[in-house]
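Engineer: sharing a sequence plus its predicted fold:
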Amino acid sequence: MVLPSHLQHNLMPSEINFVAENELITILPRYSMNKIELIGHKIPALRAMRREKVPIWVAVILKSQDKCSIVPPKWLNLAYLKDKYEEEIRKPQVFSELPWNWLEISKVLLAKAADDLSDPSHQLRSVLQDLREIRLVKSHKGLRELNESNIQLNGLSLLEINELRPFVLTVMNKLRQLHDTTTTRGAVEAGEGDDMDDEDNYDDEDD
Amino acid sequence: MASNMDIDDILQEFDNSSKASLKKQKKLSSSTPNIYDELVTAMLNERMAPEILPYKHELMTQVLEQISNQQQYLLDSHEYGDLNAQSGVVSGDFKLQLMIIETDVERINYLVRLYLRTRLSKIDKFTIHYINETADAEESNSSLLSREETEYMHQHFKILTQLYNNCFLKKMPHTLTLLDDTTGGESMIVTPDVNQPVFIKSVTKAGIIIPLGEEDELELEENGIYVVKYSLIRRYIEIGDVVLI
Amino acid sequence: MSGNYYDLDDILADGEKIPCRFNITVPGLGYLEGNPGKAINKDSKIELPLWLAEILAVCVNLDESGSSFIDLPEPEFLGTKVKNAIKTSPTSVDLHKLLPNYYRLVEKWCTMVPEPELIDIVMTMLKERSFEISNFAGNANKQINNEFIYTLDEFEKQLFKMTSESNKHMRKWLRD
């Protein structure tokens, strides 16, 4: 099959991770390096100890070769994340604001640049997991509110949305199909916009 | 002697030559800040849309051209590296840079493949539907499918009907051998369900108002995330005010 | 409804038998109720697959008063008893036993015979049950009250499967 069915209309977490690796991150180079022209992105000439922004995947390569250290994003530290966790508890109805890719970015930095982070990895991991779990519980509670028409889901990150996607879309689609039977039949048919009058027959005789 | 040349001069030369080709590309893409991001958006939109979206002719031309430019650059650089391997002028930095460029090409290659495979899977699923759809819109630059995709679609259909024929259709009465019969309120043609709900993100400052039924409407705020019927927002995808996520 | 011609569940749902009552006597159709060669009499009740019942119910008999060939009495799976059971406790109804393609049948039925009240009940049930399904899918390891799982109809099973898959992928990614 061209695209396995579990990949149709859904993303694998690894694919979202891949997309997140394009986000820019600040690095502190240790050596100089000439600029590099990439497709869609230019990496400026690097000079030792002068901060630059590069895509995360480039930062990880440079880091693995000891060419730079990575400056962690301002949200990736214990104090900030604990604050967010408190906020999640304080406001049970809303999601605290976290970056669109917080799970992916924290994962890659914990794995590849743990020594550049300002707090011990195991503590960061633990608060990140707490955050993920409290948000998961919240989003699950929200699943009671599904309907046949539309919902708004602000505050969730792409990965969190993706996890809910099959459930949310399947249930809403079924509700929609059930609901459609109560609207007039004509309207439902007209909504499809199919060319039912198309006379072209793709008969197979001359094949 | 070449080996007397400073490594930086050589790199400068490579820089210049790749700049020349980049300038050319920049003209093409002056309005588009980052074709990488555009490709990611195109891939995600395509992946999440129930129907096939118009082929990104211009974007794909640019992307494919840049891939081949970078590949040529890599080829030339490796040749240069091999020639000068013994003399030790090829620095570790140079190799590292090449490795980064190589990775970049691989990454973009992967996105292109995901984009195309998603499209092919929809062509497979809705073959007859898209054969009908594209029947009178041949060879236009804004066409739904690329030339290669159109060719693939017709080939696919030919192979499929041959298979069906050999396996069972030839043993059936002629009236039962149609594959695109739409009589009796039952269409054999599988079509995409454009009323499926999808996850969207509004990316325009101007609020978008979409109608929901007779009275209701929904205003999409910038950066708001919603689930709505695909048919209600499909035109905003085309102009880029809404992205599928 | 945008059905998919090749959808197996849809074909199975179309084969589900529903009660029908003939409005006219049709000579030679007796084989439908096990009397080959005989006529099928006006007012006789037999069960026919949905696809056939639908056609006979919408086709208007031109000769007479404009009535259709058959009437469709309410099938048991949509009856008051079932409706009440659903209303009382949506999660304890054994949908699978009732009809393996329950939601689909309801959809098909209501496309022929609009019943907003029934749709309302079924939509509420779907919300309640799917919420429960999401809870189960979230705790794939714990087997609490797993009888519920056996009462799922085909759509719900599919939903359960894809929800657990999605959770699994996510857990795996987090672990790796």
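Structural biologist: Here it is on my side, so go on. Owing to the predicted nature of the structure, the values given are computational and were not obtained by experimental measurement.
Engineer: when you work out contacts or count neighbours from here on, use the C-alpha atoms and nothing else.
Structural biologist: Noted.
Engineer: how much space between the closest residue to residue A:110 other than its chain neighbours and chain B?
Structural biologist: Among residues not flanking residue A:110 along the chain, residue A:121 sits closest, at 6.6 Å (CA to CA, 6 or more residues apart in numbering or on different chains). According to CA to the nearest CA, to the nearest Å, residue A:121 and chain B sit 28 Å apart.
Engineer: now swap in residue A:144 and tell me
Structural biologist: Residue A:144 is 15 Å from chain B, by CA to the nearest CA.
Engineer: please apply the same query to residue C:34.
Structural biologist: 28 Å.
Engineer: check whether the lengthiest helix in chain B contacts chain A.
Structural biologist: Longest helix in chain B, counting residues (DSSP state H): helix B:92-125. Yes - counting by CA under 8 Å from any CA of the partner chain, contacts between helix B:92-125 and chain A involve B:93, B:97, B:100-101, B:104-105, B:108, B:117-118, B:120-121.
Engineer: highest neighbour count among those residues?
Structural biologist: Among those, residue B:118 has the most neighbours (other CA atoms under 10 Å in any protein chain shown), with 23 neighbours.
Engineer: what residues are up against that one?
Structural biologist: By CA atoms under 8 Å, 6 or more residues apart in numbering or on different chains, the contact set of residue B:118 is A:2-3, A:8, B:46-47.
Engineer: which non-adjacent residue is nearest the residue most central in space within chain C?
Structural biologist: Geometric centre of chain C, nearest residue: residue C:105, 2.5 Å, by CA atoms, centre = their mean. Distance criterion CA to CA, 6+ apart; nearest residue to residue C:105, sequence neighbours excluded, is residue C:13 at 6.3 Å.
Engineer: which parts of chain B belong to which domain?
Structural biologist: B:2-125, B:193-245 (automatic domain parsing).
Engineer: weakest of the ones you listed in terms of mean pLDDT?
Structural biologist: In terms of mean pLDDT, the lowest-scoring of those is domain B:2-125 (a mean of 80).
Engineer: from the contact counts, what lies against the helix or strand containing residue C:21?
Structural biologist: Here residue C:21 is covered by strand C:17-22, with elements defined by DSSP states H and E. Judged by 3 or more CA pairs under 8 Å, 6 or more residues apart in numbering or on different chains; DSSP states H and E, strand C:17-22 is in contact with strand C:45-49, helix C:50-58, strand C:70-71.
Engineer: at 6 Å what do you get?
Structural biologist: Judged by 3 or more CA pairs under 6 Å, 6 or more residues apart in numbering or on different chains; DSSP states H and E, strand C:17-22 is in contact with strand C:45-49, strand C:70-71.
Engineer: and residue 122, how many neighbours?
Structural biologist: You didn't say which chain, so I picked chain A. By other CA under 10 Å, 11 other residues sit near residue A:122.
Engineer: oops, I was thinking of chain B
Structural biologist: Other residues near residue B:122 number 23, with proximity taken as other CA under 10 Å.
Engineer: I'd like to know how far it sits from residue B:143.
Structural biologist: Here residue B:122 is placed at a distance of 16 Å from residue B:143 (CA to CA, to the nearest Å).
Engineer: quick one: end-to-end length of stretch B:226-244, please.
Structural biologist: 10 Å.
Engineer: how about it against chain C, any contact?
Structural biologist: No - remark: stretch B:226-244 sits outside contact range of chain C, by CA under 6 Å from any CA of the partner chain, the gap being at least 13.6 Å.
Engineer: chain center to that stretch, what's the gap?
Structural biologist: In this view, stretch B:226-244 has its centroid 18 Å away from the chain centroid, taken as CA atoms, centre = their mean, to the nearest Å.
Engineer: does chain A sit close to it?
Structural biologist: Yes - using CA under 6 Å from any CA, stretch B:226-244 reaches chain A at B:226-228.
Engineer: among the residues you listed, which are in strands?
Structural biologist: Using DSSP state E, the subset of these located in strands is B:226-228.
Engineer: Serialize those to TSV and add fields for neighbour count.
Structural biologist: TSV is the format used below for those (neighbours: other CA atoms under 10 Å in any protein chain shown):
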residue	neighbour count
B:226	21
B:227	23
B:228	24
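Engineer: so which of these comes closest to residue B:156?
Structural biologist: Proximity of those to residue B:156 (CA to CA) peaks at residue B:228, which lies at 32.9 Å.
Engineer: surely the closest one is in contact with residue A:151?
Structural biologist: No - at 7.1 Å, residue B:228 does not count as touching residue A:151 under the criterion of CA atoms under 6 Å.
Engineer: the top strand by length along chain A - contacts with which helices or strands?
Structural biologist: Counting by DSSP E, the longest strand found in chain A is strand A:24-29. Counting contacts by 3+ CA pairs under 6 Å, 6+ apart, strand A:24-29 is packed against strand A:52-55, strand A:68-70.
Engineer: for that strand, which strands pair with it and how are they oriented?
Structural biologist: Applying DSSP bridges, strand A:24-29 is found paired with strand A:52-55 (antiparallel), strand A:68-70 (antiparallel).
Engineer: out of those strands, which one sits most buried?
Structural biologist: Among these, strand A:68-70 has the highest mean neighbour count (mean count of other CA atoms under 10 Å in any protein chain shown), at a mean of 23.
Engineer: hmm, who's touching that one?
Structural biologist: A:27-30, A:62-63 (CA atoms under 6 Å, 6 or more residues apart in numbering or on different chains).
Engineer: can you do 7 Å?
Structural biologist: Applying CA atoms under 7 Å, 6 or more residues apart in numbering or on different chains, the contact partners of strand A:68-70 are A:26-30, A:59, A:62-63, A:113, A:116.
Engineer: pLDDT of it, averaged?
Structural biologist: Across strand A:68-70, the average pLDDT comes to 97.
Engineer: so, low pLDDT: which residues of chain A?
Structural biologist: A:1, A:184-207 (pLDDT under 70).
Engineer: no no, chain C
Structural biologist: C:1-3, C:61-66, C:140-145.
Engineer: would you map out the domains in the chain?
Structural biologist: Using chain A. Residue ranges for the domains of chain A, per automatic domain parsing: A:18-71, A:73-183.
Engineer: meant chain C actually
Structural biologist: C:1-73, C:74-176.
Engineer: now these in JSON lines, with distance to residue A:182?
Structural biologist: Shown next, in JSON lines, are these (distance: least, CA to CA, whole Å):
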{"stretch": "domain C:1-73", "distance to residue A:182": "12"}
{"stretch": "domain C:74-176", "distance to residue A:182": "6"}
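Engineer: among those, which is nearest residue A:133?
Structural biologist: Of all the domains of chain C, it is domain C:74-176 that lies closest to residue A:133, at 11.6 Å by CA to CA.
Engineer: how far does the closest one sit from the chain's center?
Structural biologist: 12 Å.
Engineer: one step back: can you check which of the domains of chain B gets nearest to residue C:116?
Structural biologist: Distance to residue C:116, taken as CA to CA, is lowest for domain B:193-245 among these, at 16.5 Å.
Engineer: wait, what's in contact with the residue in chain B that chain A sits nearest to?
Structural biologist: At 4.3 Å from chain A, residue B:226 is the closest residue in chain B, using CA to the nearest CA. Applying CA under 7 Å, 6+ apart to residue B:226 gives the contacts A:150-153, B:199-201.
Engineer: alright, that wraps it up for me.
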